[in-house]
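# from the sequence below, what's the structure:
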Amino acid sequence: MFMIITNFNFNKSLLLNEYFGVLILLIFSIFLAILILFLSYILVLQKPDLEKLSSYECGFEPYEDARHKFDIKFYIVAVLFIIFDLEAIFLFPWSISLSNLDILGFWSMIDFIFELGVGFVYVWQMNVLEWD
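Okay, here's the model as predicted:
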């Protein structure tokens with residue numbers, strides 16, 4: 001019975017020592033977020049007008065007819081950015097673990113980079129990135 005109580009106090013002390021810094025950081029970050037929110041509301045001049053209060057729909061007027069034609073180049077460039085950005089993220093772990101990879105891992109990534117380059121050249125040749 002004495003061993004269980006001693007062990008419990010040891011675990012409680014260990015828990016307090018390990019996570020006390022995390023608790024302080026959490027309390028400080030919540031306090032700082034509330035302080036910044038409060039000060040930004042108090043210190044800024046509130047002058048709303050019709051233009052500031054209107055919704056913004058990617059450069060289009062939000063209250064027009066939904067059946068009008070619009071240019072989709074903005075959306076194409078956004079999708080291409082997301083695709084190439086996500087594909088570029090795979091380069092970082094590969095470059096870090098390059099010394100631990102075998103020949104198959106190396107050539108698989110070289111193939112991936114080649115396909116990424118072919119896709120970029122195709123997008124460039126189709127003039128998708130040009131804003132006429």
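# heading C-terminal from the worst-scoring helix or strand of the chain on mean pLDDT, find the next helix or strand.
Within the chain, confidence by mean pLDDT, DSSP states H and E is lowest for helix 50-53 among all helices and strands, at a mean of 73. Taking DSSP states H and E as the definition, the helix or strand that follows helix 50-53 towards the C-terminus is helix 73-89.
# alpha carbons only: can I get the least confident helix or strand of the chain in PDB?
Output for helix 50-53, consisting of C-alpha atoms alone and laid out as PDB, is shown next (Å, rounded to 0.1, in the frame of the first residue of the first chain):
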ATOM      1  CA  LEU A  50     -20.600  50.300 -47.800                       C
ATOM      2  CA  GLU A  51     -17.500  49.100 -49.700                       C
ATOM      3  CA  LYS A  52     -15.800  47.700 -46.600                       C
ATOM      4  CA  LEU A  53     -18.900  45.900 -45.500                       C
END
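# from the chain's centroid, how far away is that helix?
Helix 50-53 sits 28 Å away from the centroid of its parent chain (CA atoms, centre = their mean, to the nearest Å).
# brilliant, that's me finished.
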